[in-house]
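Undergrad: requesting a structural model of the entry that follows:
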Amino acid sequence: MSKGFLAKTYTARDASETRAHYDEWAATYDAEVSGQGYVTPGRCAQALAEHMPDLTAPVLDFGCGTGLSGMALTRAGFTTLDGIDLSAEMLEHATARGVYRATILTEPDVALPLKPGEYAAIAAIGVIGAGAAAIALFDQLVAALGPGGRLVWSFNDHTLQDPANEAAVQASLDSGATRLLFKEHGPHLTDMEMGSTVYVIEKT
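TA: Purely as a prediction, here's the structure:
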């Protein structure tokens, strides 16, 4: 299968260009990434499930795309999911899956519409990194958690090449604002032999 939109995904772009990219990709996204062996959503969902005391607590699937991550979270046992994304076309597919209590369209470069502690956990699977959201989003997501809240996310190999990404995470851990519960490098897109590191942290 041609990598199509996937080959363009890791190119730097602003938020409006990112929205346009994913709007255009929405119709073929599932087939393209599944055809390349996209396993990170399942890895993230399982890691979060193993570190959550209550799988019925509300979880925000941030950057939910077409809902592949929501499907993975559902398979891992989570029952109360909301999805948020900046692509209306992607969000339409996510809504149609029927796994979300609500789906929310966000705007590029605006404050996140989240109240601290509103969600017991936030999943940001494949959201931060090359061609996607900047690392500044990490601190915003941590700020949206209440004490004891969990954040699960992934950095693919492209993203790991920039040391600023892991440095921001380490700074949060070193400050005592968060505590590392899980970190593991493993497969991301198996057919492309690309990996990703999955993380779960707890806000202290």
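Undergrad: helices of this structure, start to end?
TA: For the chain, applying DSSP state H gives helices covering 4-8, 15-25, 29-35, 40-49, 68-75, 88-96, 136-143, 157-160, 163-175.
Undergrad: and the fourth one, what other elements does it pack with?
TA: Translated: helix 40-49. helix 68-75, strand 121-124, strand 150-156, strand 178-189, strand 194-203 (3 or more Cβ pairs under 8 Å, 6 or more residues apart in numbering; DSSP states H and E). For the C-beta atoms, the positions are set from N, CA and C on the backbone; glycine is no exception.
Undergrad: residues near T18, how many?
TA: 18 (other Cβ atoms under 10 Å).
Undergrad: any idea what the residue lying closest to Y119 once chain neighbours are set aside is bridged to?
TA: Leaving aside its sequence neighbours, Y119 sits nearest to L60 (Cβ to Cβ, 6 or more residues apart in numbering; 4.3 Å). With DSSP bridges as the criterion, L60 is bridged to D82, I122.
Undergrad: which ones are touching L60?
TA: Contacts were defined as Cβ atoms under 8 Å, 6 or more residues apart in numbering; by that measure L60 touches 81-84, 114, 118-119, 121-123.
Undergrad: kindly report the same for A123.
TA: 44-45, 48, 59-62, 69, 73, 151-153.
Undergrad: distance check, it against T28.
TA: According to Cβ to Cβ, to the nearest Å, A123 stands 23 Å off from T28.
Undergrad: cool, and A167?
TA: Counting by Cβ to Cβ, the gap from A167 to T28 is 35 Å.
Undergrad: what's the separation between P113 and I104?
TA: From P113 to I104 the distance is 7 Å (Cβ to Cβ).
Undergrad: shared neighbours of the two, anything?
TA: In contact with both P113 and I104: I84, using Cβ under 8 Å, 6+ apart.
Undergrad: tell me where the chain is predicted with low confidence.
TA: Scanning the chain for pLDDT under 70 picks out the ranges 1-14.
Undergrad: before we move on, the earlier item: adding distance to A132, write the contacts of A123 out as a markdown table.
TA: A markdown table is the format used below for the contacts of A123 (distance: Cβ to Cβ, whole Å):
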| residue | distance to A132 |
| --- | --- |
| C44 | 15 |
| A45 | 19 |
| L48 | 19 |
| V59 | 20 |
| L60 | 17 |
| D61 | 15 |
| F62 | 11 |
| S69 | 13 |
| L73 | 19 |
| L151 | 16 |
| V152 | 16 |
| W153 | 11 |
